[in-house]
Every structure is written in structure tokens, then in C-alpha cells.
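Peer 1: Requesting a structural model of the entry that follows:
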Amino acid sequence: MNTTRKVRWGILGAARMSKVMLPAIVAAGNTELVAVASRRPGAAAQLLAECGQENVTAYDDPQALLDDPKVEAVYLPLANEEHGEWAPKVLEHGKHVLVEKPMALQLEDIDRIEAAARERNLKVMEGFMYRFHPQHRRVWNIIEAGHLGTIRSVRATFSFPMTPARLYRISRPLEQGGGALWDIGCYAVHCCRFFYDHEPEAAVAMAKFNEHGADTSVAGALDFGDGRFATFDFGFERARRAEYEIIGTEGGLKCHNVWAKPGDIPLLSWWTGDGRLHEEWLPTADHFRLEIEHFSHCILTDAPPALSLDDARGNCRALNAIVAAIRTGQRTPV
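Peer 2: Predicted coordinates for the structure are as follows:
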């Protein structure tokens with residue numbers, strides 16, 4: 001994507017996701033990286049050095065990045081529980097913000113984010129990068145062509161084994177943003193909601209917890225009414241999986257690698273009721289770069305982002321219903 005005008009980006013945080021998104025911002029055709037900030041002294045400069053980036057300002061104070069007039073848009077990868085605090089701050093300083101998933105832990109935080117964005121006519125989007133990979137557009141092409149019939153069930157599975165470098169993810173309770181639900185479960189719920197044309201009615205779920213009160217494994221279901229269900233399981237105690245399966249009245253489809261990295265060749269398998277089986281190997285794509293280019297395009301053209309704040313609310317509402325269902329052991333309205 002080429003344009004004569006580029007959005008000037010800053011990154012607020014030097015955590016693991018910043019190492020993924022920084023190259024995407026640099027590679028995008030309509031962006032320029034101008035600053036990185038971290039609360040850890042020297043961390044921003046180290047990140048830039050590791051990624052081979054010169055002529056980019058490194059700040060040891062997040063406020064300095066917010067005050068930098070060169071920065072127009074901010075990627076916010078701070079801890080899950082900090083999004084509700086920092087996203088409004090970014091917006092209040094007149095900067096667009098791409099918030100790493102989840103948008104926030106509570107609906108009232110999303111309301112505050114929306115109010116700050118509307119007041120200043122700024123763009124904000126939840127960072128579900130997978131939605132920008134072309135393989136999911138192909139999935140919808142198959143659905144819209146009627147090959148699967150009416151969708152009756154969706155299954156989403158996400159997992160990877162916990163490593164010492166990632167223990168920070170499970171060092172605090174579920175209600176404080178720790179654990180699998182807020183880390184990878186939000187993807188599973190987002191996938192389930194993606195293939196129905198309305199929000200779920202209720203949730204049931206169970207979980208295993210560690211000594212910190214963080215969930216390490218979760219399984220459950222969302223009820224979309226009229227016998228239409230979505231089941232999910234995710235956690236940090238199994239081999240790496242990132243897939244979904246859709247079953248309709250006429251056939252089914254499996255996406256084998258929802259998190260397809262830029263070098264991965266995506267595979268879709270789908271079948272129809274008459275016994276025909278199809279396997280499609282699709283072109284590689286960098287969904288991180290595509291996400292950045294999309295959001296930057298929205299800023300440059302004043303277009304609405306593909307992932308709306310209403311979508312963020314729907315996901316947050318479903319996730320909180322799952323939390324309640326885990327705690328009570330009861331079917332919980334969404």
C-alpha cells in the first residue's frame with residue numbers, strides 16, 4: 001500500500017508483542033515509526049536496537065510519548081488490566097489508538113474509551129490481528145456461496161504450553177486480567193461470535209486455576225439460541241493449537257492455523273454433504289502488517305475501523321459471562 005501521506009506511530013510499551021508489531025509498523029506502506037516508550041529504563045532503546053531501528057526516539061517515560069507532537073497514533077500493548085486506564089489517556093492527548101486485545105476487562109472502561117474518542121474525533125480499534133488475514137475472507141466466501149448451509153455450530157481451540165518467559169501471564173488472578181481467558185480465550189470467543197449474525201444468549205464454562213488464581217485451562221460453550229452453539233477450549237497446558245471448525249446443515253469447514261504467521265502457508269479443509277472434500281493451501285500473508293495498514297488507512301481517510309467498539313463490547317460482555325459461569329458453575333446470561 002503506497003500513499004504520499006504516512007501516519008506517524010508510537011509504541012507505548014516494550015513488551016513481547018512490541019517486538020512483533022514494531023516490524024509490522026516499519027513494513028507497512030502508509031506508516032512511519034517515530035517513537036517507542038517504556039516504563040523500564042533503557043527498555044525502549046534496547047527494543048529499537050534489537051529491531052535495527054535508528055532515528056526513532058526512545059523514551060523511558062510513557063508521558064513523554066503522549067506529549068510528543070510527532071506521534072499521531074499509538075499501539076498500546078500494556079498488560080490486559082491497564083488498557084482501560086491507558087487507552088483514554090492516549091486519546092485525551094489527541095492520538096488515535098490501536099489497543100492490543102482485549103480492549104478492556106469491563107464494559108464501563110470501553111464506554112470511557114469511546115467517549116474520549118468521540119470527543120476528539122479519533123480512531124480506536126481492538127487489536128485482533130487474525131481478522132486481517134485473507135484466509136478468513138476465503139472462509140466467508142465459502143459460507144456465502146452456500147456450501148455449508150446454515151451454520152449450526154462453531155468450535156474454537158487455542159493453546160500453547162507455558163514457558164518460563166511467559167509466566168507473567170499467569171501471575172495474577174483472573175479478575176485482574178491474568179490467565180488464559182483474557183490472553184487467548186478472547187480469540188476463541190471472538191472467533192465464535194464472528195460466524196453468527198447475533199450475540200450469544202448465555203455461557204457455561206469450567207476452568208482450572210493455579211496458585212495465583214489465574215486460569216490455566218478453560219472449556220465451555222456459548223448458546224446462540226435455537227440449538228446453535230459454539231464450544232471453546234483454550235489454555236497453557238497443551239501443545240500449540242490455533243484452529244476453528246464450522247459445521248452447517250450442508251457441510252463443514254476447518255481453519256487449521258488461525259494465527260498463521262507471515263511465513264506460514266494457511267490450510268483450509270471443507271466438505272459438503274454429498275461427500276466432496278476440499279483442501280485449499282492459501283497464499284502467505286502478514287496479518288500484523290495488514291492490521292496496521294488498515295488502521296492507518298482509516299486514520300488517513302476518516303473511515304470506520306473494521307472492528308468496531310460495539311464488537312469490542314460484545315466480546316467483553318461474553319468474556320465476563322464466561323467468568324461468571326466459571327465462578328458459579330451455572331448457565332449465565334450474556
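Peer 1: which regions of this protein sit below the pLDDT cut-off?
Peer 2: By pLDDT under 70, the low-scoring segments of the chain are 1-3.
Peer 1: what about the most centrally placed residue in the chain, distance to residue 191?
Peer 2: Computing the C-alpha centroid of the chain and ranking residues by CA atoms, centre = their mean puts residue 128 first, at 2.6 Å. For residue 128, the distance to residue 191 equals 9 Å [CB to CB, to the nearest Å]. Yep, even glycine has a C-beta here, placed from its N, CA and C like the rest.
Peer 1: try residue 220
Peer 2: Separation of residue 220 from residue 191 (CB to CB): 14 Å.
Peer 1: Pick out whichever of the two has more residues nearby.
Peer 2: Counted by other CB atoms under 10 Å, residue 220 and residue 191 do not tie: residue 191 has more neighbours, with 27 against 23.
Peer 1: That one falls within a helix, correct?
Peer 2: Yes: counting by DSSP: H, G, I helix; E, B strand; the rest coil, one finds residue 191 located in a helix.
Peer 1: and it, what is it in contact with?
Peer 2: The contact partners of residue 191, by CB atoms under 8 Å, 6 or more residues apart in numbering, come to 154, 156, 244, 258.
Peer 1: Looking at these, which are in strands?
Peer 2: Counting by DSSP state E, the part of these found in strands is 154, 156, 244.
Peer 1: for the stretch 151-300 of the chain, what spans make up the strands?
Peer 2: Ranges of strands in the stretch 151-300 of the chain, per DSSP state E, counting those that start in this stretch, are 151-159, 202-209, 215-223, 229-235, 241-248, 251-255, 267-272, 277-281.
Peer 1: possible to save the ones you listed as CSV with distance to residue 181?
Peer 2: Below are the strands of the stretch 151-300 of the chain laid out as CSV (distance: least, CB to CB, whole Å):
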stretch, distance to residue 181
strand 151-159, 11
strand 202-209, 8
strand 215-223, 5
strand 229-235, 8
strand 241-248, 16
strand 251-255, 21
strand 267-272, 27
strand 277-281, 32
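Peer 1: of those, which approaches residue 185 most closely?
Peer 2: strand 229-235 (4.9 Å; CB to CB).
Peer 1: So which residues of this structure form helices?
Peer 2: 16-27, 43-50, 62-67, 83-92, 107-120, 134-144, 180, 186-194, 287-301, 309-328 (DSSP state H).
Peer 1: among those, which is the most enclosed?
Peer 2: Comparing the helices of the chain by mean neighbour count (mean count of other CB atoms under 10 Å), helix 180 comes out on top with a mean of 28.
Peer 1: Dump the contacts of residue 191 to a markdown table, plus distance to residue 53.
Peer 2: Converted to a markdown table, those look like this (distance: CB to CB, whole Å):
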| residue | distance to residue 53 |
| --- | --- |
| 154 | 40 |
| 156 | 35 |
| 244 | 35 |
| 258 | 29 |
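Peer 1: Among those, which pair sits farthest apart?
Peer 2: The distance between the two most remote of the contacts of residue 191 (CB to CB) is 12.2 Å, for 154 and 258.
Peer 1: separation between the residue nearest to the centre of the chain and residue 210?
Peer 2: Taking CB to CB, one finds residue 128 at 26 Å from residue 210.
Peer 1: Over to residue 158?
Peer 2: For residue 158, the distance to residue 210 (CB to CB) stands at 18 Å.
Peer 1: swap in residue 125?
Peer 2: To residue 210, residue 125 is 32 Å away according to CB to CB.
Peer 1: what about these two, which has more around it?
Peer 2: Remark: of residue 125 and residue 210, residue 125 carries more neighbours, 23 against 17, as counted by other CB under 10 Å.
Peer 1: Who are the contact partners of the more buried one?
Peer 2: Neighbouring residues of residue 125 by CB under 8 Å, 6+ apart: 98-99, 295, 298, 305-307.
Peer 1: how many other residues sit next to the nearest residue to it once chain neighbours are set aside?
Peer 2: Setting aside the residues directly before and after it, residue 125 is nearest to residue 305 in space (CB to CB, 6 or more residues apart in numbering), at 4.0 Å. Using other CB under 10 Å, residue 305 has 19 other residues around it.
Peer 1: Please name the residues that touch residue 305.
Peer 2: Contacts for residue 305 were tallied using CB under 8 Å, 6+ apart; they are 123-125, 294-295, 298.
Peer 1: sorry, back to before: the residue nearest to the centre of the chain against residue 101, yeah?
Peer 2: Yes: in this structure, residue 128 is within contact of residue 101 by CB atoms under 8 Å, at 5.4 Å.
Peer 1: list residues touching both of these two?
Peer 2: Common contacts of residue 128 and residue 101, defined by CB under 8 Å, 6+ apart, comprise 187, 190.
Peer 1: on that earlier part again, and which of the ones in strands among the contacts of residue 191 is nearest residue 93?
Peer 2: Nearest to residue 93 among these, counting by CB to CB, is residue 156 at 36.2 Å.
Peer 1: Look up how far residue 313 lies from the closest one.
Peer 2: To residue 313, residue 156 is 20 Å away according to CB to CB.
Peer 1: Next, the contact list for the residue nearest to residue 288 when sequence neighbours are not counted, please.
Peer 2: Using CB to CB, 6+ apart and skipping residues adjacent in sequence, the residue nearest residue 288 is residue 24, 3.8 Å away. For residue 24, the contact set (CB under 8 Å, 6+ apart) comprises 286, 288-289, 291-292.
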